[in-house]
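Novice: Whatever this is, show me its structure:
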Amino acid sequence: MNPSVLTDHGIFALVFLGLAFSFSNGFRDSSSIVATIVSTRTLTPNTAFVLSAFFEFGGALFLGSAVASTIGSRVTASSWQPAPHEILLTSVIALCAAGMWGLISYWRAWPTSNGHALLGGLTGAGWAAWGTEHIHNKTVLSIGAVLILSPLIGFFISYLLTHSLKWLGGWFSIRVKPVTDILHVFSCLFVSCAHGSNDGQLVMGVLLPVLVGGASFTTVPFSIRFMVASALGFGVLLGGQRILRKLGMKFYRIQNIQGVSAEFSAAGTVLACGLTGFPASTTQVIAGSIMGSAVAENVRRARWTIAQEMVLSWVVTFPAVGMMAYGVTWVVQWWEALL
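Specialist: Numbering: from 1, shown residues only. Alright, predicted model coming up:
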């Protein structure tokens with residue numbers, strides 16, 4: 001790769017693509033976050049999106065940097081220290097591939113994983129540029145395992161929590177309704193904060209090796225945090241109504257108790273992953289948590305065909321984006337070899 005690729009224009013392109021990815025991330029995932037609270041009519045869509053955007057911004061700005069360190073130190077740049085212009089080019093290609101997949105999935109109304117997409121893009125571009133021996137494949141596999149297991153964890157926690165709340169509801173009868181309304185609002189804001197903390201750091205981890213440099217990162221500069229948090233929050237503010245209808249209306253007719261259970265389970269799972277340095281798909285975890293609350297209520301009420309469609313889209317995301325990024329990187333290398 002030609003070191004001249006590392007120019008001000010290249011860095012500007014990386015930052016622009018990173019912020020665009022954060023915006024689209026917030027735009028698409030906002031529908032997952034507010035799905036239960038809107039479908040139960042606890043909040044109106046406009047109010048839900050505004051509150052969610054505010055807490056998304058706060059979560060991305062203030063809560064930790066472990067995920068950014070994982071992506072920036074151990075996936076984007078491996079221990080042998082590739083040249084800065086190589087990191088720049090592979091990062092740009094990874095963001096382009098993940099962004100394209102995001103547009104396709106939004107057009108098809110698939111609630112796919114942004115974490116899967118970006119990890120697939122980084123891995124595919126890295127394999128093409130440096131070979132498999134210079135990528136932290138164990139880290140990639142461990143991140144992939146967490147992305148797969150986290151929805152299952154959300155499912156089981158939500159299942160147990162729904163049963164617990166139903167038991168409490170039998171004791172408090174009608175008085176539970178105002179309490180669950182308040183809890184539902186808090187759970188939605190908790191999910192927003194956890195999502196901002198986890199997903200916001202994905203792009204921070206891509207920007208760090210180029211904008212900061214070095215092989216390891218323990219903190220993210222405030223300027224990078226603020227840019228990414230702003231883009232993410234603005235995306236949430238505009239929202240994604242198409243996926244909202246699928247998660248909140250088609251998936252399962254959600255009541256307040258199920259919504260509270262699903263959102264607290266999802267938020268706790270996502271936040272725990274983020275604090276330990278593992279990216280988690282909020283869309284996946286919320287969907288798994290909704291299914292857990294549905295099964296706890298009545299296994300026959302869950303619409304399994306929608307769940308199957310979601311699982312298929314999750315399985316396809318990583319290899320699809322990885323192949324896209326690999327192909328583009330290979331073409332760029334081939335073109336440079338001819339020049």
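Novice: and residue 333, how many neighbours does it have?
Specialist: 13 (other CB atoms under 10 Å). For the C-beta atoms, the positions are set from N, CA and C on the backbone; glycine is no exception.
Novice: I'd say residue 194 and residue 270 touch.
Specialist: Yes: taking CB atoms under 8 Å as the definition, residue 194 is a contact partner of residue 270 at 4.2 Å.
Novice: Need the residues touching each of the two.
Specialist: residue 282 (CB atoms under 8 Å, 6 or more residues apart in numbering).
Novice: How about the contacts made by residue 207?
Specialist: 14, 15, 18, 91, 224, 228.
Novice: top of those residues by neighbour count?
Specialist: Ranking those using other CB under 10 Å puts residue 228 first, with 31 neighbours.
Novice: Point me to the helix or strand that includes that residue.
Specialist: helix 222-238 (DSSP states H and E).
Novice: Same check on residue 260?
Specialist: helix 256-275.
Novice: ranges for the helices of this protein?
Specialist: 8-39, 45-62, 66-71, 84-107, 114-130, 137-172, 176-211, 222-238, 241-245, 256-275, 282-297, 304-338 (DSSP state H).
Novice: okay if I get those helices as JSON lines plus mean pLDDT?
Specialist: As requested, these are exported to JSON lines (pLDDT from 0 to 100):
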{"stretch": "helix 8-39", "mean pLDDT": "81"}
{"stretch": "helix 45-62", "mean pLDDT": "86"}
{"stretch": "helix 66-71", "mean pLDDT": "77"}
{"stretch": "helix 84-107", "mean pLDDT": "83"}
{"stretch": "helix 114-130", "mean pLDDT": "82"}
{"stretch": "helix 137-172", "mean pLDDT": "77"}
{"stretch": "helix 176-211", "mean pLDDT": "80"}
{"stretch": "helix 222-238", "mean pLDDT": "88"}
{"stretch": "helix 241-245", "mean pLDDT": "53"}
{"stretch": "helix 256-275", "mean pLDDT": "80"}
{"stretch": "helix 282-297", "mean pLDDT": "79"}
{"stretch": "helix 304-338", "mean pLDDT": "77"}
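Novice: before we move on, the earlier item: dump the C-alpha coordinates for the helix holding residue 260 into PDB.
Specialist: Provided in PDB are the C-alpha atoms of helix 256-275 (Å, rounded to 0.1, in the frame of the first residue of the first chain):
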ATOM      1  CA  ASN A 256     -45.700  -3.300  30.500                       C
ATOM      2  CA  ILE A 257     -44.400  -6.100  32.700                       C
ATOM      3  CA  GLN A 258     -42.800  -7.800  29.600                       C
ATOM      4  CA  GLY A 259     -41.400  -4.500  28.400                       C
ATOM      5  CA  VAL A 260     -39.800  -3.800  31.800                       C
ATOM      6  CA  SER A 261     -38.300  -7.300  32.000                       C
ATOM      7  CA  ALA A 262     -37.000  -7.200  28.400                       C
ATOM      8  CA  GLU A 263     -35.400  -3.800  28.700                       C
ATOM      9  CA  PHE A 264     -33.800  -4.200  32.100                       C
ATOM     10  CA  SER A 265     -32.400  -7.600  31.000                       C
ATOM     11  CA  ALA A 266     -31.100  -6.200  27.800                       C
ATOM     12  CA  ALA A 267     -29.600  -3.100  29.400                       C
ATOM     13  CA  GLY A 268     -27.800  -5.100  32.100                       C
ATOM     14  CA  THR A 269     -26.400  -7.600  29.600                       C
ATOM     15  CA  VAL A 270     -25.200  -4.800  27.200                       C
ATOM     16  CA  LEU A 271     -23.700  -2.800  30.000                       C
ATOM     17  CA  ALA A 272     -21.900  -5.800  31.500                       C
ATOM     18  CA  CYS A 273     -20.400  -6.600  28.100                       C
ATOM     19  CA  GLY A 274     -19.300  -3.000  27.600                       C
ATOM     20  CA  LEU A 275     -17.600  -2.700  31.000                       C
END
